[in-house]
Structure formats: C-alpha cells, structure tokens
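Undergrad: What would the 3D arrangement of this be:
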Amino acid sequence: MEDNLLGLFIRSIFIDNMIFAYFLGMCSYLAISKNVKTSLGLGVAVLVVMMITVPVNYLVNSYLLEKGALSWLSAQMANIDLGFLSLIMFIALVAAAVQILEMFIEKVSPSLYAALGIFLPLIAVNCAILGASLFMQEREYTSITEATTFAAGSGIGWLLAIVGIAAIREKLSYSNIPAPLRGLGIVFIITGLMGISFMAFLGIKM
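TA: Numbers count the residues shown, from 1 in each chain. Predicted coordinates for the structure are as follows:
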C-alpha cells in the first residue's frame with residue numbers, strides 16, 4: 001500500500017503534472033510567475049486549497065453523490081444517484097475553501113495578499129484545483145488516503161512548475177532576448193522545454 005501511495009505521489013508531481021501534462025492553471029501560471037516570492041506564495045496557496053478540497057470532495061462524492069452513496073441513510077435510498085450534482089458541488093467547496101484562505105492570507109501576510117491581487121480570489125476558478133477533484137472522481141480512488149496523496153502530489157507539481165518558471169524569468173531580465181520573443185513568447189518556449197524535461201520521468205517504473 002505504501003509503495004502504491006509513493007508511486008501515486010511521484011506520478012502526480014512529475015508525470016501527471018497539472019501544468020506540463022494537462023495545461024491546467026495556465027492563467028495564473030503565466031500572469032503571476034514574474035518573481036519567485038509571489039509565485040511561491042501562490043503555489044503554496046494552490047497546494048493548501050487542493051489538500052483541503054480534494055479529500056473533502058472525495059467524501060462528498062463517496063457518501064452523498066455517487067450511486068449507492070446514500071445507502072448509509074436507508075436501504076430505500078441505495079439506488080439514488082446524485083452524480084449530476086458533482087460539478088456544482090465541487091465548485092462550491094473549492095470557492096468556500098478559497099474564501100477562507102483569502103481571509104487568512106489577508107490577515108497574516110498583507111504584502112503577499114497585495115502582490116497576488118485579483119489572482120488570489122481567482123484561485124476559485126483555477127482549473128488545476130477543480131481538475132484535481134474531477135480526476136479524483138474519474139480515477140475512482142478507493143480511499144481518502146489515495147485522494148489526499150494525489151492532491152498533495154498535484155499541488156506540489158503545480159508549485160514546482162510556477163516557482164521554476166519564475167526563477168527562470170527573473171534570470172531572463174538579464175538576458176538579451178530577440179525583440180519578437182520578449183514577454184510571453186519566450187515564456188511559452190521555456191514552458192514547452194520544461195514540459196519536455198518532465199517527460200523524462202515517464203520512464204520511471206512505479
């Protein structure tokens with residue numbers, strides 16, 4: 001079991017990376033990754049939200065939404081399938097978690113709150129976070145431990161991606177980049193190269 005969890009954790013970080021494998025969360029990734037400090041703050045915020053929402057959404061899906069989930073209430077409700085509500089429930093729980101996190105960051109670190117600006121509340125619509133919950137549902141993880149491990153790996157993978165590109169972009173300010181490639185042009189190229197480098201982990205056997 002521990003080997004399976006370790007394999008799931010590593011795979012979620014490197015092989016099924018939300019940025020480089022699925023291009024989820026690209027909006028915040030491109031807009032915020034201009035310096036490492038702000039990118040680290042946003043990356044940790046995304047990680048925390050994932051760590052909260054994916055396990056909670058797993059419980060909601062397992063005990064309320066999927067077919068037979070309500071059997072713990074009564075035998076008559078065993079055939080009820082509320083799966084059609086999963087998307088709106090997942091979004092609502094993500095939005096609630098982001099709101100709580102936003103208030104916490106504003107209280108603890110006003111400078112980070114100001115630096116993140118509009119992108120902090122927009123974590124609620126960060127498709128990497130919603131995607132993690134939908135992947136959890138689609139892959140039918142069998143325990144909350146697996147769901148939490150997947151959330152941790154996915155969050156750390158997104159964090160590594162945005163901090164990595166931020167570190168490179170800080171160095172690029174000292175580089176002589178051809179005019180047509182300055183700005184987002186060179187960022188897209190570097191993102192592609194980083195994605196190719198992460199593909200090297202496809203050879204890992206777990």
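Undergrad: quick one: low-confidence parts of this protein?
TA: Applying pLDDT under 70 to the chain picks out residues 1-3, 203-206.
Undergrad: one more time with 50, if that's ok
TA: The model of the chain has no residue with pLDDT under 50.
Undergrad: remind me, longest helix of it?
TA: helix 144-172 (DSSP state H).
Undergrad: any idea how far that helix is from the chain center?
TA: 8 Å (C-alpha atoms, centre = their mean, to the nearest Å).
Undergrad: and that helix, what does it pack onto?
TA: helix 2-10, helix 26-32, helix 36-60, helix 127-139, helix 184-198 (3 or more C-beta pairs under 8 Å, 6 or more residues apart in numbering; DSSP states H and E). (Glycine included, C-beta is placed from N, CA and C.)
Undergrad: got the angle between that helix and helix 36-60?
TA: Going by axes from the mean of the first three to the mean of the last three C-alpha atoms, to 10 degrees, helix 144-172 is angled at 160 degrees with respect to helix 36-60.
Undergrad: Mind listing what's buried along helix 144-172?
TA: By 16 or more other C-beta atoms under 10 Å, the buried positions in helix 144-172 come out as 146-166, 168-169.
Undergrad: contacts for the helix or strand where I100 lies?
TA: Using DSSP states H and E, I100 maps to helix 86-108. With contact meaning C-beta atoms under 8 Å, 6 or more residues apart in numbering, helix 86-108 is reached by 41, 45, 48-49, 52-53, 56-57, 60-61, 64-65, 112-113, 116, 120-121, 123-124, 129-130, 133-134, 137.
Undergrad: ok so, going back, any idea of the angle the longest helix of the chain forms with helix 127-139?
TA: Using the same axes, to 10 degrees: helix 144-172 against helix 127-139 is 150 degrees.
Undergrad: residues near I10, how many?
TA: Around I10 sit 16 other residues, with neighbours defined as other C-beta atoms under 10 Å.
Undergrad: Could you measure from it over to V125?
TA: Relative to V125, I10 is positioned 28 Å away (C-beta to C-beta, to the nearest Å).
Undergrad: How about V44?
TA: 19 Å.
Undergrad: Same check on F188?
TA: Taking C-beta to C-beta, one finds F188 at 22 Å from V125.
Undergrad: One more: P180?
TA: Taken as C-beta to C-beta, the span from P180 to V125 is 32 Å.
Undergrad: And L59, by the same measure?
TA: Using C-beta to C-beta, L59 is found at 23 Å from V125.
Undergrad: quick one, which of these two is more surrounded?
TA: Set side by side, L59 and V125 show more neighbours around V125, with 14 against 11, by other C-beta under 10 Å.
Undergrad: what sits against the more buried one?
TA: By C-beta under 8 Å, 6+ apart, V125 has no neighbours at all.
Undergrad: now the nearest residue to C127 once chain neighbours are set aside: how far from G41?
TA: In space, not counting the residues next to it along the chain, C127 is nearest to L24; the distance is 4.7 Å by C-beta to C-beta, 6 or more residues apart in numbering. Note on L24: its distance to G41, by C-beta to C-beta, is 19 Å.
Undergrad: Could you do I129 as well?
TA: Taken as C-beta to C-beta, the span from I129 to G41 is 16 Å.
Undergrad: Compare these two (neighbour count), which wins?
TA: Per other C-beta under 10 Å, whichever of I129 and G41 has more neighbours is I129, with 30 against 19.
Undergrad: I am finished for the moment; much appreciated.
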